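Chemist: Fold the following for me, if possible:
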Amino acid sequence: MLKSDDIHIRVVGKAGRITLTRPQALNAMTYEMCMAIGTALDEWKDDDSISIIVIDAEGSRSFCSGGDIADLYKTGKAGDYAYGQKFWADEYRTNAKIKNYPKPYIAIMDGIVMGGGVGISAHGSHRIVTENTMFAMPECGIGLVPDVGGNLLLSRAPGSTGEYLGTTGARLNASDCVYAGIADVFIPEVDLPHLIKSLENDGDPSAIAEFERECVPGDLSINQKTINTHFSKSSALEIVTSLETDGDEWEANAAKLMRRNCPLSVACEIEIVRMARQTNNIESILALEYRFTYRSMSHGDLIEGIRAQIIDKDRSPKWGTPTLEELTQEQISSMLKSLHGDGLLF
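Modeler: Predicted coordinates for the structure are as follows:
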């Protein structure tokens, strides 16, 4: 059992219980929180008294808004890239552990689910969304790419949805998440305490079906044909050019979202999500994402992206390469090439 200001890990009945307890920080995940989750999963794996894992968070505003990147910025700004590289490597190993976990792993994705929050929820065997759910992978906005194995999810979404979500950071509601395969069922927030009690008492995930309800439809399925038309183009530049040439409101907004993000990240994400479609192995996808994140401070724009969006909040990042038009294939390839001896190991 572990209880701190940030996370509460315990056993209740037949359930291994994990609750993020930083609602004032939108339950942003620290390195220590991530490691505590991994340790608990290891301890519960062969404990026959524990039948299921249930992870949730305090407050309905946010399940987990992502990783707490203050230390990443501080160390990276000082030229210390090793801290970030270790953070990502250890976090990704936890993500793989969740995906491959031998017991039911039930994630209650109530509220904001972004970045690192995706990695500790959407790889679970049972993924529950509510009327409060707001899912996004906006990493390209800070000079990163969707990671934590997120490209496994994005690459399996219908049509070219993965390219759309990964490069724009578009936000999804509960219905959109189920449609995209990011979540499994919708359950109203009011029913969650009853569901959790049942799961704790009986250790049986089949109880989820008793609480499942229909939810208000989202826009993702409605726009699927348009998404496929544009986001199936061969490169990020061709995609944004296609969107801007069409000129309709939806296309103009999608192009604006892409243009405001880091060009290097956007271009690399197109290649990553397409490469992810070639494997069913989460370890391979995490290793691919790690190639980018490993270099994101030393050779990319992450430090500047965090400064502009999180530290100074001027929302005016000065990207190393300002536009997609100026970006070269060599720059993209250099971010995604093998790390050889420094690659991610599991």
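
Chemist: Can you get me a residue count around the closest residue to residue 89 other than its chain neighbours?
Modeler: Leaving aside its chain neighbours, residue 89 sits nearest to residue 344 (5.6 Å; criterion: Cβ to Cβ, 6 or more residues apart in numbering). Using the backbone N, CA and C atoms, a C-beta is placed for each residue, glycine as well. Around residue 344 sit 21 other residues, with neighbours defined as other Cβ atoms under 10 Å.

Chemist: Distance from stretch 302-320 to the middle of the chain?
Modeler: 20 Å (Cα atoms, centre = their mean, to the nearest Å).

Chemist: Residue 209 - nearest residue in space that isn't next to it in sequence?
Modeler: Going by Cβ to Cβ, 6+ apart, residue 209 has residue 185 as its nearest residue, at 7.8 Å.

Chemist: Next one: that neighbour from residue 255, what distance?
Modeler: Separation of residue 185 from residue 255 (Cβ to Cβ, to the nearest Å) stands at 34 Å.

Chemist: same thing with residue 54?
Modeler: Computed with Cβ to Cβ, the distance linking residue 54 and residue 255 is 41 Å.

Chemist: Show me which of residue 185 and residue 255 is the more surrounded one.
Modeler: residue 255 (21 against 16).

Chemist: residues in contact with residue 270?
Modeler: Contact partners of residue 270, counting by Cβ atoms under 8 Å, 6 or more residues apart in numbering, are 163, 166-167, 235-236, 239.

Chemist: go on, residue 35?
Modeler: Counting by Cβ under 8 Å, 6+ apart, residue 35 has contacts 90, 94.

Chemist: Tell me, how many residues neighbour residue 299?
Modeler: 15.

Chemist: what's the helix or strand for it?
Modeler: Residue 299 is located outside every helix and strand, with elements delineated by DSSP states H and E.

Chemist: tell me the pLDDT at it?
Modeler: At residue 299, the pLDDT value in this model is 96.

Chemist: go on, the one 3 residues further on?
Modeler: At residue 302, the pLDDT value in this model is 97.

Chemist: Was I right to think it contacts residue 81?
Modeler: No. Judged on Cβ atoms under 8 Å, residue 302 makes no contact with residue 81 at a distance of 9.8 Å.

Chemist: for residue 268, what are its contacts?
Modeler: 145, 292, 332, 335-336.

Chemist: Actually, residue 40.
Modeler: Contacts of residue 40 by Cβ under 8 Å, 6+ apart are 2, 9, 16, 18.

Chemist: can you map out the strands along the stretch 1-150 of the chain?
Modeler: 2-3, 7-12, 15-20, 52-57, 62-64, 105-109, 112-114, 126-129, 134-136 (DSSP state E, counting those that start in this stretch).

Chemist: Read off the pLDDT value for residue 2.
Modeler: What the model reports for residue 2 is a pLDDT of 76.

Chemist: What distance do you get for it to residue 148?
Modeler: 22 Å.

Chemist: Those two - which one has more neighbours?
Modeler: residue 148 (32 against 15).

Chemist: Between the two ends of stretch 317-332, what distance do you get?
Modeler: Start-to-end span of stretch 317-332 (Cα to Cα, to the nearest Å) is 19 Å.

Chemist: Let's have the strands of the stretch 1-150 of the chain in a markdown table, adding distance to residue 157.
Modeler: Formatted as a markdown table, the strands of the stretch 1-150 of the chain follow (distance: least, Cβ to Cβ, whole Å):
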| stretch | distance to residue 157 |
| --- | --- |
| strand 2-3 | 35 |
| strand 7-12 | 30 |
| strand 15-20 | 26 |
| strand 52-57 | 22 |
| strand 62-64 | 20 |
| strand 105-109 | 16 |
| strand 112-114 | 15 |
| strand 126-129 | 14 |
| strand 134-136 | 11 |
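
Chemist: Out of the ones you listed, which is closest to residue 263?
Modeler: Shortest distance between residue 263 and those, using Cβ to Cβ, is found for strand 134-136: 19.4 Å.

Chemist: after that closest one comes which helix or strand?
Modeler: Downstream of strand 134-136 (by DSSP H and E), the next one is helix 150-156.

Chemist: out of residue 302 and residue 81, which sits in the more crowded spot?
Modeler: Each of residue 302 and residue 81 has its neighbours counted (other Cβ under 10 Å); residue 302 has more, 27 against 19.

Chemist: rewinding a little: surely the residue nearest to residue 89 meets residue 90?
Modeler: No. Here residue 344 lies out of contact with residue 90, judged by Cβ under 8 Å, at a distance of 10.1 Å.

Chemist: before we move on, back to that, contacts only, for the residue nearest to residue 209.
Modeler: 126-129, 178, 208-209, 212.

Chemist: Over to residue 283?
Modeler: 96, 344, 346 are the contacts of residue 283 under Cβ under 8 Å, 6+ apart.

Chemist: Would you mind giving the secondary structure of the second one?
Modeler: Reduced to three states with DSSP: H, G, I helix; E, B strand; the rest coil, the structure at residue 344 is coil.
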